[in-house]
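Asker: Take this sequence and fold it.
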Amino acid sequence: MIRPVSQSAERVTRLPRPGGSAARSAIVSGPGTQSGVRVEQTTDSRSLDECLTRLSAGQQRLSMMSIRQRIELLDQCLMGVAVAAVDWVDVACEAKGIPTDSPARAEEVLAGPVAVLRQLQLFRSTLLDIQQSGKPRLPRRLLRKPDGRIGIPVTPCRGLFDPLVFVGFRATTWMQSDVTLDNLSDHVAASFDSSSVRGTSVVLGAGNVSGIPAADALTKLCDESRSVFLKMNPVNAYLGPVFERAFRPLIENDLLRIGYGGSDVAAAAIHDTRTSDVHITGSNHTFDTIVWGPSGPERERRTAEDDPVLKKPIGSELGSVTPWVVVPGRYSRIQLKAQAASVVASLTNNAGFNCVATRIIVTCKQWPQREEFLQLVEAQLARIPQRVAYYPGAKERYEQFSGHSPEAARALLGRSHAGVSGSASSTAADGSTVFVAGTHGTQDTLPWTLLRNVAPQSGVPLFRSEAFVCVASEVPIESTSTEDFLVKATDFCNQRLWGTLACTLSVPREARSHSVVRRVLDESIDRLRYGVVSLNQWAGLAFALMSPPWGGHPSVTAHDIQSGCGWVHNALMLSGIEKTVLDAPLVVLPKPVWNPAHGRPEAVAWSLFSLMRRPSLTNMNRLAVRAIAGALTSPQQSNL
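Answerer: Residues are numbered from 1 along each chain as shown. Sure thing, here's the model as predicted:
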């Protein structure tokens, strides 16, 4: 039933086109691509028909597979990802305009093959538990809230050296109130409670982060036991051939097919009777079009009468206006610098084209260290090279959300010499300040931009729509105490900011030690309507950890979807989830690989890749040596 690696490695299963031959490849240039990047042609109707027929057969096969056979498939995928990893990173960097000597290459290693390897290892561990006892093995010590809600520790994970790699990181997934100790088993790995055929999922892949399409497809396959038609986003369709190599065992067993093209291909797959459900990582506008139809009177009627075009289940991750709340208090200089570096990393990662990139920095106007903190953020932004604005529409969105055209921002910034930090600012009549920064700017890049001192009552577009470009704002809130700030900041995030995906809080140690402040902090964490609430480190790390469920808060409806519904990653295969809380140190030592001032991030990233590929003390020791060396090396030294 499962072909040996030696056999499946002899050929690559391509999407067939009329005549039965494999889909051709083309060398194209255009939005989201660089010259010479390989992109597949559009999947036509005949090819799609054959894909869905094969996936239906594969779904029947999957329903009859033993757990041991599924584990063997994941083992083969681990080998496939390892073989394809270098090409995976190279093609992504080429398409995004990342130079071969840039520290930003580490992002593509970590968010691509490393994240997917970790997901495969975690699902493999869960399947081993199911093989042994019928259910994933939950931690012995579950947490409880005063109202009885259950918390399940999901990080650190067994077998991957998490206590050494992520020192002090703890993630807890809190379940909804109707999940009790008596029925908890019903909310764990439910798809394995019977051997029934589950169906074929249509996954509409994200165009920004290379690991997302693969991770979404693997979630459907492993957690929900479905075969998958993965429709690549045109922005990163160049990854399709890489995925075909990496996941060849799934393709050879008719559990995965990869399609290419635009909305017409997606619509045909979604509405085909052979597909059972849909998952999209993209925009809320695309979600609304899929569920309610094109904008206009007919959509309005359907929405009012609760008569969606799409009658199938749909899961989604749709982005957010992501806040970072800085709780006032006394931070040491080291803690303040570390928190500023984490904020900067969340702003600049992937050139700002992340759904979980920080868009709003919420501060206390009366906080004595506010100006010092913001100056640290600005100083670090000024030293980071600008990035190619590779995502379609970036320059138009930059002007919409910054209030400046790219040309005006470049003029404000002026010329900055190579290797020299650069920044400039201007103050508007309302007291807000536009800060632009970054080195090595060109006509293809955009400057890092921070709008400071934006009033919380203002109607700036950045509050109500995801910018999806390298623009953020700082919003100071008037408050009389730390407790007052926490209440007001929570209300501001819940009521004024669009989205329900993730939120980060910087929390000084004194806030945790003061009983009254700690109580209000816990209440704020509980009240924040986000799928992930992270303390002291960027919430995007919860995405990369792969064990926490990732998705928007479950309070949304299809009529106002916000950041989406449903969960991906979710290594313990939980359902009935409310949110995950990630608790991390204020200062991570040695200097973490995501720190913009790390000296050797790509070398450390590849060491982490080796550990995820083959967890062992030897690989752990190699990672530790490179992590320490990178922390002690300046970025300038690492380029020599």
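
Asker: Could you list the domains of the protein?
Answerer: If you go by automatic domain parsing, the domain ranges for the chain are 39-138+189-282, 322-583, 601-638.

Asker: So for G168, which of those sits nearest?
Answerer: Shortest separation from G168 across these is recorded for domain 322-583, at 8.2 Å, computed as CB to CB. For the C-beta atoms, the positions are set from N, CA and C on the backbone; glycine is no exception.

Asker: Averaged pLDDT, the closest one. What do you get?
Answerer: Averaging the model's pLDDT scores along domain 322-583 yields 95.

Asker: Check the offset of it from the chain's centre.
Answerer: Here domain 322-583 shows a centroid-to-chain-centroid distance of 15 Å under the convention CA atoms, centre = their mean, to the nearest Å.

Asker: Could you find the closest non-adjacent residue to the residue nearest the centre of the chain?
Answerer: Centroid-nearest residue in the chain, with CA atoms, centre = their mean: F543, separated by 4.8 Å. In space, and not counting its chain neighbours, F543 is closest to W550: 5.4 Å by CB to CB, 6 or more residues apart in numbering.

Asker: Verify the stated contact: the one you found with G566.
Answerer: No - counting by CB atoms under 8 Å, W550 sits too far from G566 to count as a contact (9.8 Å).

Asker: can you give me the strands for the stretch 251-400 of the chain?
Answerer: Counting by DSSP state E, counting those that start in this stretch, the stretch 251-400 of the chain has strands at residues 256-259, 277-281, 314-317, 322-326, 358-364, 387-388.

Asker: Show me what the first one is packed against.
Answerer: The elements that strand 256-259 packs onto, with contact taken as 3 or more CB pairs under 8 Å, 6 or more residues apart in numbering; DSSP states H and E, are helix 45-64, strand 227-231, helix 240-246, helix 248-252.

Asker: again, but for the longest one
Answerer: Packing contacts for strand 358-364, counted by 3+ CB pairs under 8 Å, 6+ apart, involve strand 322-326, helix 333-348, helix 370-383, helix 461-464, strand 471-477, helix 482-496.

Asker: Which among those is found nearest to R105?
Answerer: Across the helices and strands packed on strand 358-364, the minimum distance to R105, taken as CB to CB, is reached by helix 333-348, at 14.0 Å.

Asker: tell me the angle of the closest one relative to strand 322-326?
Answerer: An angle of 170 degrees separates the directions of helix 333-348 and strand 322-326 when computed by axes from the mean of the first three to the mean of the last three CA atoms, to 10 degrees.

Asker: Report all helices and strands that helix 333-348 contacts.
Answerer: When contacts are defined as 3+ CB pairs under 8 Å, 6+ apart, helix 333-348 sits against strand 322-326, strand 358-364, helix 370-383, strand 448-452.

Asker: ok, now how distant is D307 from Q76?
Answerer: Relative to Q76, D307 is positioned 44 Å away (CB to CB, to the nearest Å).

Asker: And the two? Which one has more around it.
Answerer: The residue with the greater number of neighbours, taking D307 and Q76 and applying other CB atoms under 10 Å, is Q76; the counts read 22 against 12.

Asker: Residues in contact with stretch 286-295: which ones?
Answerer: 204, 266-267, 270, 278, 280, 299, 302-303, 308-310, 314, 316, 318, 558, 561, 564 (CB atoms under 8 Å, 6 or more residues apart in numbering).

Asker: just the buried members of these?
Answerer: The neighbour-count test (16 or more other CB atoms under 10 Å) applied to the contacts of stretch 286-295 identifies 204, 266, 270, 278, 280, 299, 303, 308-310, 314, 316, 318, 558, 561, 564 as buried.

Asker: among those residues, which are in helices?
Answerer: 266, 270, 299, 303 (DSSP state H).

Asker: Check the burial of the spatially closest residue to G566 that is not a sequence neighbour by counting its neighbours.
Answerer: Taking CB to CB, 6+ apart as the measure, G566 lies nearest to G315, with 2.9 Å between them; neighbours along the chain are not counted. Neighbouring residues of G315 were enumerated by other CB under 10 Å; the total is 22.

Asker: Tell me who's in contact with the residue nearest to F543.
Answerer: Listed by CB under 8 Å, 6+ apart, the contact partners of W550 are 317, 531-532, 542-543, 567-570.

Asker: repeat that with 6 Å
Answerer: By CB atoms under 6 Å, 6 or more residues apart in numbering, the contact list for W550 reads 543, 568-569.

Asker: I'd assumed G205 was in contact with P213.
Answerer: Yes - judged on CB atoms under 6 Å, P213 makes contact with G205 at a distance of 3.2 Å.

Asker: more crowded one of these two?
Answerer: Neighbours per residue (other CB under 10 Å) separate P213 from G205, with G205 holding more: 29 against 26.

Asker: State the distance from A467 to V235.
Answerer: 17 Å.

Asker: more neighbours, the two?
Answerer: Each of A467 and V235 had its neighbours counted (other CB under 10 Å), and the higher figure belongs to A467 (23 against 20).

Asker: separation between that one and S547?
Answerer: From A467 to S547 the distance is 29 Å (CB to CB).

Asker: Next, show the common contact partners of P213 and G205.
Answerer: Between them, P213 and G205 share the contacting residues L230, judged by CB under 6 Å, 6+ apart.

Asker: Let me see the contact set for P406.
Answerer: 395, 398, 446.

Asker: Who wins on neighbours among those?
Answerer: For these, neighbours were counted by other CB under 10 Å; the highest total belongs to L446, with 26 neighbours.

Asker: Average pLDDT for the lengthiest helix in the chain, rounded please.
Answerer: As far as residue count goes, and with DSSP H defining each element, the longest helix of the chain is helix 67-96. Per-residue confidence for helix 67-96 averages out to 98 on the pLDDT scale.

Asker: can you pull the buried residues of that helix?
Answerer: Counting neighbours by 16+ other CB under 10 Å, one finds that the buried residues in helix 67-96 are 70-74, 76-82, 84-85, 87-89, 91-96.

Asker: what's it packed up against?
Answerer: helix 105-109, helix 115-133, helix 240-246, helix 248-252 (3 or more CB pairs under 6 Å, 6 or more residues apart in numbering; DSSP states H and E).

Asker: closest one to S405 among these?
Answerer: With CB to CB as the measure, helix 105-109 is the member of those nearest S405 (27.4 Å).
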